[in-house]
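S.K.: need a structure here:
(one chain, ligands or ions: 1)
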Amino acid sequence: MPRILFTIACGALAATVLGGPAQAQQPPSPPARPTFATTKVEGTEHVYIFRYQNSQAMFIVTRDGVIATDPIGYGRPQAVTTYLEEIRKITNQPIKYVIYSHHHFDHIAGGKPFKDAGAKFIAHRRAKARLAVLKDPHTVLPDETVNDTATIKLGDTALELTYIGLNHSDNSLVMRLPKEKIIFAVDFIPVASVPGRGMIDSYPLEWEESLKKVMAMDWERLIPGHPAPGGRLGTKQDVQNLLTFLQEASAEVRTAAREGKCWDPVEKEMKLPKYANWPGYEQNLPFVLRRYCGLWGRGT
Ligand SMILES: [Zn+2]
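M.R.: Modelled structure (predicted):
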């Protein structure tokens with residue numbers, strides 16, 4: 001142990017000595033991002049984003065209570081208690097609803113403090129069916145389910161919930177605020193970044209159709225479930241860009257798959273250089289290629 005420490009210390013010293021003059025030329029690095037943040041969406045009266053590390057959820061404060069969404073507490077119960085505390089800094093109104101975007105635990109685990117506060121949990125019916133089988137001890141089962149559409153009305157707010165088909169999951173809901181023209185959509189529209197591990201259980205062909213349906217809806221700004229680069233909101237152009245990316249990745253792998261190149265040659269050698277500047281490209285491209293090899297090289 002002491003030897004390891006000594007080595008690290010020497011290395012750090014060498015880096016300091018050798019790297020000193022060069023570092024002086026570098027601009028100062030940006031301040032580290034805080035663990036969590038609550039932001040009111042610009043131009044709205046009562047729509048907020050709660051971010052914890054790299055996940056986020058929308059909540060709406062109405063005159064008759066709060067509509068919250070995804071608890072984002074997988075492996076970090078403190079995210080949920082922080083989420084509640086952040087809401088309590090804004091209002092003492094009761095938290096009436098928690099809406100699940102889809103059934104993946106990284107977005108919906110940890111909701112018990114909201115349940116204890118009296119919230120009613122709502123999700124797509126297939127999300128409830130999946131959760132009922134899995135019995136995850138950290139995830140609250142939905143109290144009510146949605147088939148295709150539902151509207152939550154609370155105070156002066158209407159929140160439309162729409163199931164628009166298979167995509168990243170088989171139970172993703174789009175949450176739309178018609179007055180504000182804002183949607184909250186999680187994981188099936190990563191904004192300006194390459195989708196990654198979540199490709200594994202996605203439905204690639206149907207996903208393209210659901211993106212076209214989202215673009216046909218009436219909205220201007222998209223709150224994603226993981227912050228976009230710089231924390232900006234998404235636009236319909238982002239949805240179009242993602243659709244183009246998926247279509248191009250699909251077509252490239254389809255050609256290679258029909259030449260017998262799935263899995264290994266595609267996964268190890270294929271590149272999509274047009275997207276090399278999208279965050280996550282290097283790390284996530286293999287997951288994209290594997291999913292399309294599953295589709296075109298295997299049949300599912
Ligand atoms: Zn997901």
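S.K.: show me where the stretch 1-150 of the chain has helices.
M.R.: All helices of the stretch 1-150 of the chain, identified by DSSP state H, counting those that start in this stretch, fall at 2-24, 77-90, 105-108, 112-116, 125-134.
S.K.: neighbouring contacts of stretch 108-115?
M.R.: For stretch 108-115, the external contacting residues (CB atoms under 8 Å, 6 or more residues apart in numbering) are 68, 70-77, 79-81, 84, 95, 98, 100-102, 119, 121, 123, 136, 138-140. Bear in mind the C-beta positions are built from the backbone N, C-alpha and C, glycine included.
S.K.: ditto for stretch 77-94
M.R.: 36, 38, 48, 50, 52-53, 55, 57, 59, 61-66, 68, 71-73, 95, 110-114, 117-118, 138.
S.K.: out of those residues, which are inside strands?
M.R.: Under the assignment DSSP state E, the contacts of stretch 77-94 contribute 36, 38, 48, 50, 52, 55, 57, 59, 61-62, 65-66, 68, 95 to strands.
S.K.: Check the gap between the closest residue to residue 51 other than its chain neighbours and the ion for me.
M.R.: Spatial nearest neighbour of residue 51, excluding adjacent residues (CB to CB, 6 or more residues apart in numbering): residue 37 at 5.0 Å. Using CB to the ion, to the nearest Å, we find residue 37 at a distance of 22 Å from the ion.
S.K.: Surely residue 37 touches residue 53?
M.R.: No: at 10.3 Å, residue 37 and residue 53 do not qualify as touching, with contact defined as CB atoms under 8 Å.
S.K.: rewinding a little: now, of the contacts of stretch 77-94, which are buried?
M.R.: 36, 38, 48, 50, 52, 55, 57, 59, 61-62, 65-66, 68, 71-73, 95, 110-114, 117, 138 (16 or more other CB atoms under 10 Å).
S.K.: Can you name the residues of the stretch 101-250 of the chain sitting close to the ion?
M.R.: Within the stretch 101-250 of the chain, the residues that sit near the ion (CB under 5 Å from the ion) are 104, 187.
S.K.: For residue 13, give me the pLDDT.
M.R.: Predicted confidence (pLDDT) for residue 13: 40.
S.K.: so what's the closest residue to the ion within the stretch 151-300 of the chain closest to, chain neighbours aside?
M.R.: Using CB to the ion, the single residue of the stretch 151-300 of the chain nearest to the ion is residue 187, 3.7 Å away. Nearest residue to residue 187, sequence neighbours excluded (CB to CB, 6+ apart): residue 168, at 4.6 Å.
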